[in-house]
Each structure stands twice: as C-alpha cells, then as structure tokens.
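Participant: could you look at this predicted model? Sequence included:
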Amino acid sequence: MKRMVNVVALGVMIMVGLATYAVSGTESGTDWSLQVESNKKLWEDRIVQVAKGSIDQPYTQINVTLNGSTSSHKGSYFEQLLDFRANFGEDSRAFKRALKQLDYAQRIWTTDGEVAIGQKDRDTLVVLKSKDGKEVDVTEFGQAREILESGWKGFYVYDDKVHLIYDQNYETTNHHVATFDESTKTFVTQKIDRSKTLVGGVVGAEWSWYPSAYQGQVATDNRYIPIRATALETLQDDTGEEYMSEMDLPGLFVYDAIENKVVKVNQSEELKGTLFKGHEYRTIQSDGTELIIDLNSLEQTTRQAIQGTVGSVTYVDQLIYHVLPTTEGAMLEVYDEGDMVSRASIKAEGDSDQAANQTVEYYVY
C-alpha cells in the first residue's frame, strides 16, 4: 500500500511578498549575513533558512548561520530527503534502524523516551519504544489489516498505552481510535464522537524521518491531546457542480482521551506559533500575548510575550523566535518568559538590483 506523506519545513515562515531586494537562483547568487546585536550564544546552533523563488526563476534555499551562508541543497528533492534522514541523530541509531524496518511509521518524543507505530507487513502493526534511542522494545500486533488499510491521523500515549486515531477505510467522517495493550499484544477500537469537527491530525505525531531535536518532549499522562481540527464544507467548481472539501478550522482544539471527543479550546482566527511540550500547549496570539493551556485541566493563562508588531513565530527550546520583514531582509528577536533576550537581523549582501518579484520565506530552526 502506498502512502503520500506531506513533508513540511520545520520552523517559522514569513512571507515577504514582492521583496525590494532580489536573489539570483544560481549558485553564484547573493550572499546572506546574520548579524547578532545581543546574546550571540542563542544563535550558535540556529539556522535561518531563506527560501525564495518566482514564476520565472527556480526555487532555491540558502542556510544562513553565524559563519555565513551556503546553499542548503544541490540535487534532487529525493537526495535532500536522504540527507535529512542521515542526520536523524547519533544517539538514536538503534531506534532509527528499527524504524527503517517498517514500511511506514509515525513517531513522537515523550518524557519517557521515543515512541513509534508503523506497519510491518499487510496485517501486522508494530509499536516501538525506547528510553535512550539505543535499547528498543518492539511489540507486534497481528490481524490489524483494518487499521493498516485506513487513513492515519496520528497517535499519542496515554495511561502507558499507545492510541492511534484513524479514518476507517479512508472515510473522512468515520473516525476511530485504537488502543494497544503491549502486555497482551491485543488492541481494541472505538468510534470517536466527532459532532461536526474532524481530526485533521495529532500534534506531535510526525513521520519517521523527523529528528527528535526539533520536537518538544510531551507528557504521557495528558488527558487532552492537541489536534489540528477540520470540517467538511460544500464548495462549487467552475461549472457550478458542488463537492465536499476538508478545510482547516481556526483556533485551538484538543481530543479528550477520556470522553472520546473533540473539544474546542480557543476560537482565535490567527495564531502565530504553537508549542506542545510536557503538560502544556502554548501559542502566540495576534496581539503578542502567549496563551498557555494545561492539558489535564484545560485551565488557561496568558501573558504578554512579544512587544510591538507581531510577525511570524516559532518555539525552539522553549524560547520564542520572532521574525519581522524589512526592506533588506528580516529582523529577528528572541523572547524568554516575556522578555526579549536577543536581537539579530538577516539581509542579502550585493546584487540587490536583480529581479524584484521573488517571494521570500524565512525559517528559523
């Protein structure tokens, strides 16, 4: 069975639109520089990726660090993916080898170690657990063809058991959750009470080639599991014929692991970045406030996290990396517990009179 996997760039993205500078799509294009005004240590392990392209120029990516800028890839997308997987992490070699034995898999990084679930053959499902990435516990579950031939939305760990949310037979409105008992090598399934809200994906569950370093460690006793929520909408094509399409819903949603239903937490139409770590789900709202949700009680607290105009945001090591566009590149700020602890900037050096129609995106990771 073949599966399509959406590989999403990690980090923060901001669209500059019609940039006032331009970058050549060739290898001899513009150099970029990262200038740090304060707390340089916070940028020693960071990469700012500049992604740019236009209709008449090829899409290119440049990695910018304190040491300068380099082309982030040469060759095909497939070669890039292989290189990305090769850097999975030296401390996770055994876990990585176990993942490679599966036809496809999803994984999460928990406070108890790494966990993955995947397919071994046509009717066998496998759960992997490792506390240190070196010793791996492997549990096989047979007669799981119904789950393997369904659309996976993601999985989580609760009450020391792996739970997988899926669309039975790829039917978008037919959500189920499977609970796996490793001690007996058995599993049970249950239909999810979804109302009109669909589970588009489980936050934190990633496909197997994502490095652990880019994910927060999530607790395994959270009652409420952050999800991406969707709903079916009726649309019309150019001929007037109606069809159903699955659309993302704004705001924050969670799945209640006890009541077996989706719960709306926040209806904000624009969220700038999210972090799922431990027992908390954090997000930056459009006014710069940080919303912190307790995933066992759904208690909410807020605090001012970013001062002034809010651009795009990503969380790295629980710090907030904030990006705002400028005419020459972008301004970068780092916030910790509501205080700005570092400021930097990135800009193109030279060749600023080349084509000005390129869309430029910035990713911090």
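Facilitator: Now that the structure is in, tell me what you want to look at.

Participant: going forward, measure contacts and count neighbours with C-alpha atoms only.
Facilitator: OK.

Participant: identify the residues contacting the closest residue to G118 other than its chain neighbours.
Facilitator: Nearest non-adjacent residue to G118, counting by CA to CA, 6 or more residues apart in numbering: A105, 3.9 Å away. A105 is in contact with 99, 116-119, 207-208, counting by CA atoms under 8 Å, 6 or more residues apart in numbering.

Participant: for K347, same thing?
Facilitator: 32-34, 328-330.

Participant: now do E146
Facilitator: By CA under 8 Å, 6+ apart, the neighbours of E146 are 168-169.

Participant: tell me the secondary structure at it.
Facilitator: Look at E146: counting by DSSP: H, G, I helix; E, B strand; the rest coil, its state is helix.

Participant: look at it and report its pLDDT.
Facilitator: Among the per-residue scores, E146 shows a pLDDT of 94.

Participant: just to revisit the earlier point, format the contacts of K347 as JSON lines; extra columns: neighbour count.
Facilitator: Conversion of the contacts of K347 to JSON lines gives the following (neighbours: other CA atoms under 10 Å):
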{"residue": "W32", "neighbour count": "21"}
{"residue": "S33", "neighbour count": "20"}
{"residue": "L34", "neighbour count": "22"}
{"residue": "E328", "neighbour count": "16"}
{"residue": "G329", "neighbour count": "23"}
{"residue": "A330", "neighbour count": "21"}
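
Participant: in helices, which of the contacts of A105 fall?
Facilitator: L99 (DSSP state H).

Participant: from the contacts of A105, which one has the minimum pLDDT?
Facilitator: Out of those, that is S208, at 55.

Participant: just the contacts of K347: which has the poorest pLDDT?
Facilitator: Among the contacts of K347, E328 has the weakest pLDDT, 84.

Participant: for it, which non-adjacent residue is spatially closest?
Facilitator: Sequence neighbours aside, K347 is the residue nearest to E328 in space, at 5.3 Å (criterion: CA to CA, 6+ apart).

Participant: what does V316 give?
Facilitator: For V316, the closest residue by CA to CA, 6+ apart turns out to be Y365, at 6.8 Å.

Participant: for the longest strand along the chain, packing partners?
Facilitator: In the chain, assigned by DSSP state E, the strand with the most residues is strand 224-236. Judged by 3 or more CA pairs under 8 Å, 6 or more residues apart in numbering; DSSP states H and E, strand 224-236 is in contact with strand 198-202, strand 242-248, strand 252-256.

Participant: go again using 10 Å as the cut-off
Facilitator: Packing partners of strand 224-236 (3 or more CA pairs under 10 Å, 6 or more residues apart in numbering; DSSP states H and E): strand 151-158, strand 198-202, strand 242-248, strand 252-256, strand 261-266, strand 271-277, strand 280-285.

Participant: among those strands, which comes closest to E44?
Facilitator: strand 271-277 (21.6 Å; CA to CA).

Participant: tilt between the closest one and strand 280-285?
Facilitator: 170 degrees (axes from the mean of the first three to the mean of the last three CA atoms, to 10 degrees).

Participant: quick check: mean pLDDT of strand 271-277?
Facilitator: 86.

Participant: before we move on, back to that, let's have the contacts of K347 in JSON lines, adding distance to S71 and secondary structure.
Facilitator: Converted to JSON lines, the contacts of K347 look like this (distance: CA to CA, whole Å; DSSP: H, G, I helix; E, B strand; the rest coil):
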{"residue": "W32", "distance to S71": "11", "secondary structure": "strand"}
{"residue": "S33", "distance to S71": "13", "secondary structure": "strand"}
{"residue": "L34", "distance to S71": "15", "secondary structure": "strand"}
{"residue": "E328", "distance to S71": "19", "secondary structure": "coil"}
{"residue": "G329", "distance to S71": "17", "secondary structure": "strand"}
{"residue": "A330", "distance to S71": "19", "secondary structure": "strand"}
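
Participant: let me know the closest of these to V254.
Facilitator: For the contacts of K347, the nearest to V254 is A330 (33.6 Å; CA to CA).

Participant: the closest one against V364, yeah?
Facilitator: No. Under the criterion of CA atoms under 10 Å, A330 makes no contact with V364, lying 11.6 Å away.

Participant: identify the contacts common to those two.
Facilitator: 322-323 (CA atoms under 10 Å, 6 or more residues apart in numbering).
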